[in-house]
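Participant: just need the structure, nothing else, for what follows:
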Amino acid sequence: MQNLNVGIATSSMTHTGCVREKNEDALIALPKSGIWAVADGMGGHDAGDYASRCVISHLYQAAANYQGQALVDAIPSVIQAANTELYRYANSISTESVIGSTVVVLVLENDRYHCFWSGDSRCYLLRDDTFTLITRDHTEAEELLAEGILSLEEIKNTPAANTLTQAIGVDESPYVDYICDYIYEEDRFLLCTDGLTKVYSDEQLALRVDANNIDKINQSFLTGALDAGAPDNLSSIIVSL
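Facilitator: Sure thing, here's the model as predicted:
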């Protein structure tokens, strides 16, 4: 549903897709607190739905206790707390058990945006008709590309290269990337799990995300993904200033 608070419009969507038996994605969209996030429980691992909801639950608790810069400052420790809960729970099952989740978090604070992420859930920024990916996937593909070992074309034909290199819950201490910059009038952010980007290229997302009605954008994302077979759970949040 779309919410409006001090000029910020938000629309969120999550769906199981056509293949998975359950939805292992989770999200938070709280315009009044200035925080949005999507999380994706790691497919093929134990309790992926529990993992994503654990991360989002900790973010909800933070939003209830902090706002503004205090909320920004709290995010790293909040993610660490979720990481510790998942890591200990997995170890209580067995030493080989892995319960993990990706996450991407957006916090708007005064005239800045703050983005935290671990894994391959993404945040894009639409500004002045330019659609930019402001996060970088934590995958083997990105590492191989950065090191010049594989080209973009070669990576497309190497499915194993998309293996996650970072996620919440898989190690005692999580690796969390961070970016901060100024916000401007009419900025629009898109947060999404890889269930969306498996179906749509960046170019296809850009063609859809600048429509006036953000609820219709999310409905278009969902309808198109389902028509294409939606091989994974998919979630998206649009934050429009």
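Participant: what is the mean pLDDT for stretch 187-204?
Facilitator: The pLDDT scores in stretch 187-204 average 96.
Participant: can you give me the buried ones in it?
Facilitator: Judged by neighbour count (16 or more other C-beta atoms under 10 Å), stretch 187-204 contains these buried residues: 187-200. For the C-beta atoms, the positions are set from N, CA and C on the backbone; glycine is no exception.
Participant: same question for stretch 13-27.
Facilitator: 13, 14, 15, 16, 17, 20, 23, 24, 25, 26, 27.
Participant: residue contacts, the closest residue to residue 66 other than its chain neighbours?
Facilitator: Sequence neighbours aside, residue 74 is the residue nearest to residue 66 in space, at 5.0 Å (criterion: C-beta to C-beta, 6 or more residues apart in numbering). Residue 74 makes contacts with 62, 65, 66, as judged by C-beta atoms under 8 Å, 6 or more residues apart in numbering.
Participant: buried subset of these as a ChimeraX selection?
Facilitator: The ChimeraX command for the buried members of the contacts of residue 74 (criterion: 16+ other C-beta under 10 Å) is given here:
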select :62,66
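Participant: out of the contacts of residue 74, who's nearest residue 141?
Facilitator: Sorting these by how near they are to residue 141, with C-beta to C-beta, puts residue 62 at the top with 31.1 Å.
Participant: which residues does the strand or helix carrying that closest one contact?
Facilitator: Using DSSP states H and E, residue 62 falls within helix 48-65. Helix 48-65 has contacts (C-beta under 8 Å, 6+ apart) with 22-28, 30, 33, 35, 37, 39-42, 45, 71, 74-75, 78-79, 81-82, 85-86, 89, 99-101, 103, 105, 168-169.
Participant: that helix - what's its average pLDDT?
Facilitator: pLDDT averaged over helix 48-65 gives 96.
Participant: next: stretch 164-183.
Facilitator: The average pLDDT for stretch 164-183 rounds to 96.
Participant: and the contacts of that stretch?
Facilitator: 39, 42, 51, 54-55, 76, 79-80, 82-84, 86-87, 90, 98-103, 108, 111-120, 134-136, 138-140, 142-143, 241.
Participant: list the buried residues in that stretch.
Facilitator: Going by 16+ other C-beta under 10 Å, stretch 164-183 has these buried residues: 164, 165, 166, 167, 168, 169, 170, 174, 176, 183.
Participant: repeat for stretch 37-44
Facilitator: Residues of stretch 37-44 classed as buried: 37, 38, 39, 40, 41, 42 (neighbour count, 16+ other C-beta under 10 Å).
Participant: sec struct for the residue nearest to residue 174 when sequence neighbours are not counted, please.
Facilitator: The shortest distance from residue 174 to any non-neighbouring residue, by C-beta to C-beta, 6+ apart, is to residue 83 (4.3 Å). Three-state call for residue 83 (DSSP: H, G, I helix; E, B strand; the rest coil): helix.
Participant: neighbours around residue 83, how many?
Facilitator: Neighbour count for residue 83, taken as other C-beta atoms under 10 Å: 27.
Participant: just to revisit the earlier point, the contacts of helix 48-65 in helices, which ones?
Facilitator: Among those, the members found in helices (DSSP state H) are 71, 74, 75, 78, 79, 81, 82, 85, 86, 89.
Participant: kindly reformat those as JSON lines containing distance to residue 233.
Facilitator: Listed next are those as JSON lines, based on distance: C-beta to C-beta, whole Å:
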{"residue": "71", "distance to residue 233": "27"}
{"residue": "74", "distance to residue 233": "28"}
{"residue": "75", "distance to residue 233": "24"}
{"residue": "78", "distance to residue 233": "23"}
{"residue": "79", "distance to residue 233": "21"}
{"residue": "81", "distance to residue 233": "24"}
{"residue": "82", "distance to residue 233": "19"}
{"residue": "85", "distance to residue 233": "21"}
{"residue": "86", "distance to residue 233": "18"}
{"residue": "89", "distance to residue 233": "21"}
